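S.K.: Predicted coordinates and the sequence they were generated for:
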Amino acid sequence: MARSTPELWSSVSLCIDLSTEGSAIQAELLDQWLRLAQALPLSITITFNEKDVYKWNRDWDGYMPIPEDEMIVGTPLPTDVISVASLYSHQWESLDIFLPSAWAETLESTIGRIPNLRSLSLQFVPYNYSSYPSFSKTFLDAPKLRTATLDFESMDVGLPYHQLEKLTLSSFKTTPFLAVLEKCSNLMSCRIIELWKAGSYDESGYAYSYWQPAQPTSVQLPKLVSLEITSLRPSGLLAYLVAPALEDIGISLEDNSQIEAFSAFLNRSNIVLKRLAIIDYMPREENLLMLLNTLPNLSHLELRLDGVDRDSARLRGLSRNFFDYLRSPNTTLGTFPLPYLKSFKYHGPMNFKYEYRDGLTTCDEEAFGFDIEKMLLARWNAHPSSNGASQLQKFYMTITSWHGPSKDMVHMDRSFVVKDLIKEGMDLMFEENVMTSYRAY
C-alpha cells in the first residue's frame, strides 16, 4: 500500500555517508525512494556529519590539525548521492543543501532543468580551502523560485532575484548583502546574518568574504514588510537601505550610534513601524525609552536579550522604571506611551534596583512584581474609548539568571491579580531560565 502512495515518498532528508560503499548504497536507495514519488514535486534535504568531513580536512574551520594517521589522504569525497538527486531536478520543489564545498562542482555540473523549484537553501563550508563554488548561472532559470537561503562565505550565486519574496543571507561582510538586495525588487521578508568567528578579519580589521562584488550606494526595497538583522553593528547595512513598506523589524541596538542609524533609516524610509524586536543587545534603558517615544504605532514589542553574558559590560536588564513608563499616561496627550501596544515579550535579565526622583536607590524584588501588576491592570483596562489606547492582550516574561530562581518574579503567575487577568482573557506567562553556560561568538 505504501509503495503505491507517491505522497509518502515526495520528501526525503539525507545525511551523506562519506565512505565509498556507504555512499553507493545511499545513492541506490535514494533513487528507489524518488522513483516511488512518481511525478510529484519533491522536497530534498542533503547534509553531512562535520566530524566525518574533518578527516578529509586538516584544518577545517579553525580546528587544530589532527594526526596524519587519523586522516584519509587523497581520497575524493563520494558524489553518488548528489548525482542521483540531480537526476530529479525537474521535480524539485524544495532543495536544502548543507555540504562541504568539494561537492559544489558536482552539484553545479549535474543539475538539469528546475521548472518547479520554489524554495532553495544553499550552504557550503570550505573544504581544504582549495576551491569556492560558483553557481552564477545554475539557478537562473527557475520561474517559480520565491524563497532562498544563501551563505556567501564561499560562493557566488546567480538567481532570478527579482522573483524572490523571502530571503535569508549569511556573510562576513556588508557588501555581498547589498549587492544581492539591490536586485530584489519584490522582496517581502528578509533575514540577514552577519557571521563572525576567530580569524574572520583581515589585517586592516575588516571582515572578509571570498566573494566581493561592487558596493551600491543605495538599496531600494519597496515591498519589504519584515526585516531581521543579526549583527553587532547593523548600522553598516541600515545606512544603505530604503524600505517604505516595512512594518516589522528585528535588530540589535547596543549603543547610541546604532540607535541613531536605526532612527535615520526609519525617517529616510518614512516607515510606520508596527513590530519591533530588539535582539541580543539593547541600549541603556533611558535611551530605549527615548527611542520608544518615537514609535507610537508599535503594536508588538519584543526584547530578546540572548547574547549577553554575566561578565559583559553589555549586561543590561529591565528595571521598574520601564514598567512605570508603560503604565504612566503622557501628561500632555493623556495617552499611554505606545498607545497601540497589544503584545509585549521579554527574554533577558532583570535589574531589581529602583532609582527614586531624589536619587536614592533600592533593591526590592517584591515591589518589582507589584509594579508589573499595576502596569498590567492599567494596560488591560485601557480601551479605545479610554485615552485612545489599545488593550494590552499578551505579556510574556522569561527572566534569565546565573544565580538561581528569583523567589518572587518566578511565581508571578500565582498572584491574584495575574490569575484574575488570565480569567478575563489576558494571555500571560512568567518563567525563569537559569543559565548554565556562556553563549559563544
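M.R.: Noted; the coordinates are in hand.
S.K.: any idea how far residue 38 is from the residue lying closest to residue 2 once chain neighbours are set aside?
M.R.: In space, not counting the residues next to it along the chain, residue 2 is nearest to residue 8; the distance is 5.6 Å by Cβ to Cβ, 6 or more residues apart in numbering. Heads up, the C-betas are built off the backbone N, CA and C, glycines and all. Going from residue 8 to residue 38 by Cβ to Cβ, to the nearest Å gives 11 Å.
S.K.: which stretches of the stretch 251-400 of the chain form strands?
M.R.: Shown for the stretch 251-400 of the chain, the strands assigned by DSSP state E, counting those that start in this stretch span residues 275-279, 300-304, 343-348, 353-355, 361-363, 394-401.
S.K.: Can you say which of the ones you listed is nearest to residue 170?
M.R.: strand 275-279 (15.5 Å; Cβ to Cβ).
S.K.: same for the closest one, what does it pack against?
M.R.: strand 226-230, strand 248-251, strand 300-304 (3 or more Cβ pairs under 8 Å, 6 or more residues apart in numbering; DSSP states H and E).
S.K.: now those strands as TSV including mean neighbour count, mean pLDDT and distance to residue 79?
M.R.: Below are those laid out as TSV (neighbours: other Cβ atoms under 10 Å; pLDDT from 0 to 100; distance: least, Cβ to Cβ, whole Å):
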stretch	mean neighbour count	mean pLDDT	distance to residue 79
strand 226-230	19	95	33
strand 248-251	21	97	38
strand 300-304	18	95	41
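S.K.: now these in a markdown table, with distance to residue 85?
M.R.: Supplementary listing: the helices and strands packed on strand 275-279 in a markdown table, determined by distance: least, Cβ to Cβ, whole Å:
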| stretch | distance to residue 85 |
| --- | --- |
| strand 226-230 | 30 |
| strand 248-251 | 34 |
| strand 300-304 | 37 |
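S.K.: Contacts only, for residue 231.
M.R.: Shown in contact with residue 231 (Cβ atoms under 8 Å, 6 or more residues apart in numbering): 192, 193, 194, 237, 252.
S.K.: Next step: those restricted to helices.
M.R.: Using DSSP state H, the subset of the contacts of residue 231 located in helices is residue 237.
S.K.: Where neighbours are concerned, which of the contacts of residue 231 has the most?
M.R.: residue 252 (23 neighbours; other Cβ atoms under 10 Å).
S.K.: was I right about it contacting residue 229?
M.R.: Yes. Contact criterion Cβ atoms under 8 Å: residue 252 and residue 229 qualify, at 7.4 Å.
S.K.: circling back to that earlier point, now, which of the contacts of residue 231 sits nearest residue 20?
M.R.: residue 193 (35.0 Å).
S.K.: Distance of that closest one relative to residue 323?
M.R.: 32 Å.
S.K.: again, but for residue 99
M.R.: Distance from residue 99 to residue 323, by Cβ to Cβ: 49 Å.
S.K.: Output the contacts of residue 231 as CSV; include the columns distance to residue 396.
M.R.: Listed next are the contacts of residue 231 as CSV, based on distance: Cβ to Cβ, whole Å:
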residue, distance to residue 396
192, 26
193, 25
194, 27
237, 29
252, 20
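S.K.: Which one of the contacts of residue 231 is nearest to residue 268?
M.R.: Nearest to residue 268 out of the contacts of residue 231 is residue 237 (Cβ to Cβ; 13.3 Å).
S.K.: Can you tell me the closest non-neighbouring residue to the closest one?
M.R.: Closest to residue 237 by Cβ to Cβ, 6+ apart is residue 174, at 5.3 Å.
S.K.: The chain: helices as residue ranges?
M.R.: So, for the chain - with DSSP H - the helices run 20-36, 50-54, 80-87, 104-110, 174-181, 235-238, 256-269, 285-293, 320-327, 365-380, 416-424.
S.K.: I'd like those helices written out as CSV, with mean pLDDT added.
M.R.: Converted to CSV, those look like this (pLDDT from 0 to 100):
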stretch, mean pLDDT
helix 20-36, 94
helix 50-54, 64
helix 80-87, 94
helix 104-110, 87
helix 174-181, 81
helix 235-238, 90
helix 256-269, 95
helix 285-293, 93
helix 320-327, 91
helix 365-380, 86
helix 416-424, 93
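S.K.: Among the ones you listed, which comes closest to residue 347?
M.R.: When the helices of the chain are compared by Cβ to Cβ, helix 320-327 sits nearest residue 347, at 14.3 Å.
S.K.: Need the residues that contact that closest one.
M.R.: 285, 288-289, 292, 336-338, 341, 344, 352, 354-355, 367-368, 371-372, 374-375, 378-379.
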